[in-house]
Structures are given as C-alpha cells and as structure tokens.
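**Student:** what's the 3D shape of this:
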Amino acid sequence: MRELNDPALVRAEYADESHLAARKAGYRHTEGANSVEIAFDSVAAVRPARVLEVGCGEGEFSERMQRELGAEIIAVDQSARMVEITRARGVDARVGDVQDLPFRDGEFDCAVAAWMLYHVPDLDRALGELARVLRPGGRLVAVTNGLDHLRELWQLARAPSRTLSFNAENGAALLGRHFRHVVRCDTTGWVTFPDRDAAQAYVDASIRGRGCQLPQFESELRVRRAPYVFVADK
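**Tutor:** Numbering: from 1, shown residues only. This next block holds a predicted model:
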C-alpha cells in the first residue's frame, strides 16, 4: 500500500484542486478549537516582516497573512496548479520543494507548514531546510493530525490504515531535532457530516478512503477530529 508521502501519489492528488476542495467542504460543521485561527495567531505573535508558507495549497492562509499582517509572503508548493491559484490571490507563489528550498540562510522570520509535512518523503531534511531559512529566533508553525483523526468515519468505511509520518504523537520529537523550543497545541473537537452523502463525499476525496463505501444510514454522523498545532522556535 502506498503511503501519504509517496511522491507519485502526492503529485496526482494535487494536480488539481478537486479533491482538496471536497475535503475542505467536509469541515463546514465543526465544534471545538479552531486550528487555523491558533496557527494564524501563532504567526502574528512574532510580528513577522517576511513569512514562508510551504505546501500552500489554494493559498487562503498566505493571502490572509499578507492582508492582515502586512508581511511579505512567499508561498511554495510542488503543484503547479496550486501555485497558479495562489498567485491569482495576489501572493508571490512559486513551484518548489520543501526538501530543497531555494532561499538563503535566515531569510524568513516565520514559516508555516499546514497539513503537509506528512506528504514529504525525507521529513528530517525538510525540517532542516525550514530551520535553515529561518533567522535565529525565527518560528515554524506546523499543523498536522493525530493518528485517531476521524477514527469513527474510517472504521465505518472499513478504510485501510495509513501511517502519517508527521503526526501529533511524534511531531514534538521530530521538530526537537532542529528547533530549541517546541509547543504542541491541542485543537481537537468534532466534525458533523449532515448525512451519508456528505460523509461519502469526504471519503471519496481522501486518499485513505478512495474506493471505500459507507453503509447506508439516515442520521447525521458526528466524529472526532484531531488536529494539532506545533509552534517551534529556533
């Protein structure tokens, strides 16, 4: 079984925005702490002049940082389509690889890696690169999921297990190899799919659930979500 850091699988998954957009739609009805807001506040706290976002996706977070923080933002993604969408938002977006960043040492005050590090084949190299391009005292804000994220949904779908190479359980240790101080923020809560069709749409859009079918049910489906925000200072 191919894992989530398989380069060919990742390229195919993000060749266009359809799967990503469908997964985002699944989180319209959530309860609990907002991981995106906590990540944004963690960036804003250092009052950065220059920020790098790696794995920027459709660029919403980069656009918001640029608009609300007045910082210079550079966004990087391996997908040419994601870069195209992000550029359309007015952000300086470039095709690139977090494992080999084309920037000088200490160029950035802050870096953001939201729900993307588990897609990186050589994770230690990527974290080393992120630490390298940050100035002394710079900050990395990384968001990922716990291993039990949406557990009830995947059990209902009988989806195969997959390993997240960067997860809530091992993230602090991995970041600690490159950063002097690491804090993990628990932003777990609940997500509700209003009906089976909504839940199935999320399953269909997910690498783990591709080809899996949920049983028929009439009610809404409420499952645990397990996102975490790591704040790592150099």
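**Student:** Going by C-alpha atoms from here, please, whenever you check contacts or count neighbours.
**Tutor:** Will do.
**Student:** Quick one: neighbours of the closest residue to Tyr27 other than its chain neighbours, just the number.
**Tutor:** Excluding the flanking residues, the one nearest Tyr27 by Cα to Cα, 6 or more residues apart in numbering is Val191, at 6.3 Å. Using other Cα atoms under 10 Å, the number of residues around Val191 comes to 20.
**Student:** Next up, the contacts around Val191.
**Tutor:** 27-31, 222-225 (Cα atoms under 8 Å, 6 or more residues apart in numbering).
**Student:** run the last query once more with 6 Å
**Tutor:** 29-30, 222-223 (Cα atoms under 6 Å, 6 or more residues apart in numbering).
**Student:** neighbouring contacts of the worst-scoring helix or strand of the chain on mean pLDDT?
**Tutor:** Scoring the helices and strands of the chain by mean pLDDT, DSSP states H and E places helix 7-13 at the bottom, with a mean of 88. Helix 7-13 is contacted by no other residue when judged by Cα under 6 Å, 6+ apart.
**Student:** which of the residues in it are buried?
**Tutor:** Residues of helix 7-13 classed as buried: 10, 13 (neighbour count, 16 or more other Cα atoms under 10 Å).
**Student:** again, but for stretch 89-108
**Tutor:** Within stretch 89-108, the residues that count as buried by 16+ other Cα under 10 Å are 89, 91-99, 101, 106, 108.
**Student:** mind listing the helices for this protein?
**Tutor:** Per DSSP state H, the chain carries helices over the ranges 7-13, 18-25, 35-44, 60-69, 80-88, 123-133, 151-157, 171-176, 196-205.
**Student:** quick one, the fourth one and helix 35-44 angle?
**Tutor:** Pointing back at helix 60-69 there. Angle between the axes of helix 60-69 and helix 35-44 is 50 degrees (criterion: axes from the mean of the first three to the mean of the last three Cα atoms, to 10 degrees).
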